[in-house]
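Asker: Just a sequence and a predicted model for now, questions to come.
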Amino acid sequence: MAACVIRRGLLSAVSKYNKNHTLRALSVDLNSRHEVSRRCVQCSSCGLLNVQQKRFMSSRNRPEGKVLETVGVFEAPKQHGKYETGQLFLHSVFGYRGIVLFPWHARLYDRDVTPPTTDSKPEPPGAHGSKEVKGKTHTYYQVLIDTRDCPHISQRSQTEAVTFLANHDDSRALYAIPGLDYVSHEDILPYNSTDQVPIQHELFERFLMFNPSKVPPFVPRDTLRAWQEKNHPWLELSDVHRETTENIRVTVIPFYMGMREAQNSHVYWWRYCIRLENMGNEVVQLRERHWRIFSLSGTLETVRGRGVVGREPVLSKEQPAFQYSSHVSLQAPSGHMWGTFRIERTDGSHFDVRIPPFSLESNKDDKSPPAGYNW
């Protein structure tokens with residue numbers, strides 16, 4: 001599977017690829033619990049790197065179940081401009097196959113960059129540090145994930161879905177649209193394919209159609225445009241926050257989900273997506289989380305706990321990233337969140353990684369609930 005092939009180490013080689021290089025994906029049974037190690041080999045015809053995996057089998061002595069299958073042809077990554085609807089890609093960090101639905105233009109607040117003194121994001125009350133951060137425009141994409149790759153993305157939690165607040169008359173608090181994701185421009189490794197249905201997803205043919213006269217040859221249907229317009233307030237990605245502590249980079253993306261009435265009060269909901277990336281060579285493990293949640297109503301809540309979403313991920317050079325989503329609700333239309341992750345080194349020592357402060361804003365129209373699968 002493509003999820004077995006592309007990892008961060010491939011990024012440096014991608015710039016050397018040409019249009020004639022065939023991308024091959026390794027299909028292997030990753031549902032087994034046997035240990036997997038990786039090794040790099042060169043393609044005999046072009047000398048480019050292909051990542052393969054060697055499986056150590058159990059005493060049942062099964063044969064190595066690895067098959068190289070042609071997926072498509074690499075294209076040169078775009079250094080400028082944006083990718084169009086219908087662009088096929090591999091995710092440079094998580095390795096899955098996907099297709100671009102449409103772009104979002106977000107404001108990236110990177111605390112690792114020394115900012116000018118104007119147009120900066122102020123600190124929330126009580127947050128660590130006093131540095132103001134200038135935002136810059138950054139392109140993200142709404143994408144569909146190939147469902148064949150979802151089971152193999154071990155560095156993600158809830159990787160196969162984006163959650164939404166259910167309609168007022170729905171008994172569920174939340175619902176999910178499987179295989180929907182947000183991808184940063186630099187995480188796109190573009191490729192093309194002659195397959196008319198290269199991505200397996202229940203929404204692929206509902207949203208896109210094949211047109212060989214176009215580049216890329218997958219064009220949006222009216223249903224995609226209608227769905228984007230209807231769900232724009234709940235899908236929109238506006239702010240991205242990033243900070244690095246001791247080579248561990250934390251990126252946070254908050255999403256407003258809407259307001260619901262409960263016991264004669266208004267409850268405002270947000271989803272936030274967090275990615276941790278190990279930018280160094282040392283193997284570390286996330287052990288604890290410590291959150292501070294400030295509400296416009298004047299309340300300050302502290303949350304401590306083991307791990308995140310029931311996991312204590314290990315960040316190594318082989319698997320440097322982990323990403324998850326969670327939710328928060330306030331009885332006020334806005335607030336702030338910030339905090340730390342407690343990280344453990346292999347020698348047992350610990351250090352705290354800062355979570356960049358981010359705003360919880362509800363400045364969107366609450367009158368029409370998310371449409372979900374309604375077109």
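Answerer: Looks like it came in fine. Numbering: from 1, shown residues only.

Asker: so what does the host helix or strand of V252 touch, helix or strand wise?
Answerer: Under the criterion of DSSP states H and E, V252 resides in strand 248-262. Counting contacts by 3 or more C-beta pairs under 8 Å, 6 or more residues apart in numbering; DSSP states H and E, strand 248-262 packs against strand 161-165, helix 222-235, strand 239-245, strand 265-278, strand 334-345, strand 350-361. Where C-beta positions appear, they are placed from N, C-alpha and C, glycine not excepted.

Asker: Which other helices and strands does the helix or strand A176 falls within contact?
Answerer: Using DSSP H and E, A176 sits within strand 174-178. Strand 174-178 is packed against strand 161-165, with contacts defined by 3+ C-beta pairs under 8 Å, 6+ apart.

Asker: Quick one: distance of the strand it packs on to the chain centre.
Answerer: 13 Å (C-alpha atoms, centre = their mean, to the nearest Å).

Asker: by how many degrees do that strand and strand 248-262 diverge?
Answerer: 30 degrees (axes from the mean of the first three to the mean of the last three C-alpha atoms, to 10 degrees).

Asker: For strand 161-165, buried residues please.
Answerer: Neighbour-count burial for strand 161-165, counted by 16 or more other C-beta atoms under 10 Å, picks out 161-165.

Asker: quick check, nearest of the residues you listed to Q87?
Answerer: Nearest to Q87 among the buried residues of strand 161-165 is V162, at 19.3 Å by C-beta to C-beta.

Asker: Show me what that closest one bridges to in the sheet.
Answerer: Beta-bridge partners of V162, counted by DSSP bridges, are I177.

Asker: and the closest residue to S193 other than its chain neighbours, how far is that from D146?
Answerer: Residue nearest to S193 in three dimensions, not counting chain neighbours: G72, with 3.6 Å by C-beta to C-beta, 6 or more residues apart in numbering. In this view, G72 and D146 are 12 Å apart by C-beta to C-beta, to the nearest Å.

Asker: What of P178?
Answerer: Distance of P178 to D146, computed by C-beta to C-beta: 12 Å.

Asker: what does L108 give?
Answerer: 27 Å.

Asker: And R225, by the same measure?
Answerer: As judged by C-beta to C-beta, R225 and D146 stand 23 Å apart.

Asker: Same question for H91.
Answerer: In terms of C-beta to C-beta, H91 sits 10 Å off from D146.

Asker: list the residues that contact both of those two?
Answerer: Jointly contacting H91 and D146 under the rule C-beta atoms under 8 Å, 6 or more residues apart in numbering are G98.

Asker: and the angle from the helix or strand encompassing D181 to strand 161-165?
Answerer: Under the criterion of DSSP H and E, D181 resides in strand 180-184. Put simply, strand 180-184 runs at 110 degrees to strand 161-165, going by the same axes, to 10 degrees.

Asker: what pairs with strand 180-184, and is each one parallel or antiparallel?
Answerer: Partners of strand 180-184 in the sheet, by DSSP bridges, are strand 133-145 (antiparallel).

Asker: and P178 and D146? which has more neighbours close in?
Answerer: Neighbour totals were compared for P178 and D146, and D146 leads with 22 against 15 (other C-beta atoms under 10 Å).

Asker: for the stretch 51-200 of the chain, which spans come out with low pLDDT?
Answerer: Low-confidence regions of the stretch 51-200 of the chain, defined by pLDDT under 70, span residues 51-66, 114-132, 157-161, 166-173.

Asker: Check the stretch 251-375 of the chain too.
Answerer: Within the stretch 251-375 of the chain, the segments meeting pLDDT under 70 span 363-375.

Asker: Contact partners for T163?
Answerer: T163 makes contacts with 174-176, 257, 271, 325, 327, as judged by C-beta under 8 Å, 6+ apart.

Asker: Please report how far it lies from S349.
Answerer: 36 Å.

Asker: ok, back up a step: by neighbours, which of the contacts of T163 wins?
Answerer: Counting neighbours by other C-beta under 10 Å, M257 comes out on top of the contacts of T163 with 23 neighbours.

Asker: can I assume Q323 is in contact with R156?
Answerer: Yes - using C-beta atoms under 8 Å, Q323 makes contact with R156 at a distance of 5.1 Å.

Asker: Need the overlap of contacts for the two.
Answerer: F94.

Asker: quick one, what contacts V283?
Answerer: Contacts for V283 (C-beta under 8 Å, 6+ apart) come out as 314-317, 345-346.

Asker: Identify the residues contacting Y141.
Answerer: Contact analysis of Y141 by C-beta under 8 Å, 6+ apart lists 83, 100-104, 182-185, 188.

Asker: Weed out the non-buried ones from those.
Answerer: By 16+ other C-beta under 10 Å, the contacts of Y141 give 83, 100-103, 182-185, 188 as buried.

Asker: Closest one of those to G335?
Answerer: Y182 (22.1 Å).

Asker: List the beta-bridge partners for the closest one.
Answerer: Beta-bridge pairing for Y182 (DSSP bridges): Q142.

Asker: OK, contacts around it?
Answerer: 104, 140-143, 162, 237, 253, 273.

Asker: okay, the residues you listed in TSV with distance to H152 next?
Answerer: Putting the contacts of Y182 into TSV (distance: C-beta to C-beta, whole Å) gives the following:
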residue	distance to H152
W104	26
Y140	23
Y141	21
Q142	22
V143	17
V162	19
L237	25
I253	23
C273	20
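
Asker: Which of those sits closest to W338?
Answerer: Among the contacts of Y182, and counting by C-beta to C-beta, the member closest to W338 is I253, at 14.6 Å.

Asker: what about R148, which SS state?
Answerer: Look at R148: counting by DSSP: H, G, I helix; E, B strand; the rest coil, its state is coil.

Asker: residue contacts, the closest residue to it other than its chain neighbours?
Answerer: Excluding its sequence neighbours, the residue lying closest to R148 (C-beta to C-beta, 6+ apart) is Q200, at 5.4 Å. By C-beta under 8 Å, 6+ apart, Q200 lies in contact with 146-148.
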